[in-house]
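S.K.: coords please:
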Amino acid sequence: MCGRFAFFNVEGFEDAYGTFNPLPTLPSSYNISPGRSIPVVSQDGNENPEVVFAK
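M.R.: Numbering: from 1, shown residues only. Have a look, this model is predicted:
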């Protein structure tokens, strides 16, 4: 059995994590499956955090 989770409250994303590189449209989803690209906050060394998509 695979794990699934939800991604919602997209409107509060920048408030919760700060302002990043321009965000693409992030639709809410209540059934995210493994293998689907999702937004994650990433920081490399002393660089500013950014939103990237990962699987």
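S.K.: which element is the residue positioned nearest the centre of the chain on?
M.R.: Nearest to the mean C-alpha position of the chain, counting by CA atoms, centre = their mean, stands Pro39 at 2.3 Å. Here Pro39 is covered by strand 38-42, with elements defined by DSSP states H and E.
S.K.: tally of neighbours for Val51?
M.R.: Val51 has 18 neighbours, counted by other CB atoms under 10 Å. (C-beta placed from N, C-alpha, C; glycine too.)
S.K.: Ile38 too?
M.R.: If you count neighbours by other CB under 10 Å, Ile38 ends up with 13.
S.K.: try the one 3 residues further on
M.R.: A count of neighbours around Val41, defined by other CB under 10 Å, yields 13.
S.K.: from what I see, it and Pro49 are in contact.
M.R.: Yes - Val41 is within contact range of Pro49, at 5.3 Å (criterion: CB atoms under 8 Å).
S.K.: helix, strand or coil for Phe53?
M.R.: Here Phe53 takes the strand state, with states given by DSSP: H, G, I helix; E, B strand; the rest coil.
S.K.: got the contact list for the closest residue to it other than its chain neighbours?
M.R.: Nearest non-adjacent residue to Phe53, counting by CB to CB, 6 or more residues apart in numbering: Ser37, 4.3 Å away. Each residue near Ser37 by CB atoms under 8 Å, 6 or more residues apart in numbering is listed here: Phe53, Ala54, Lys55.
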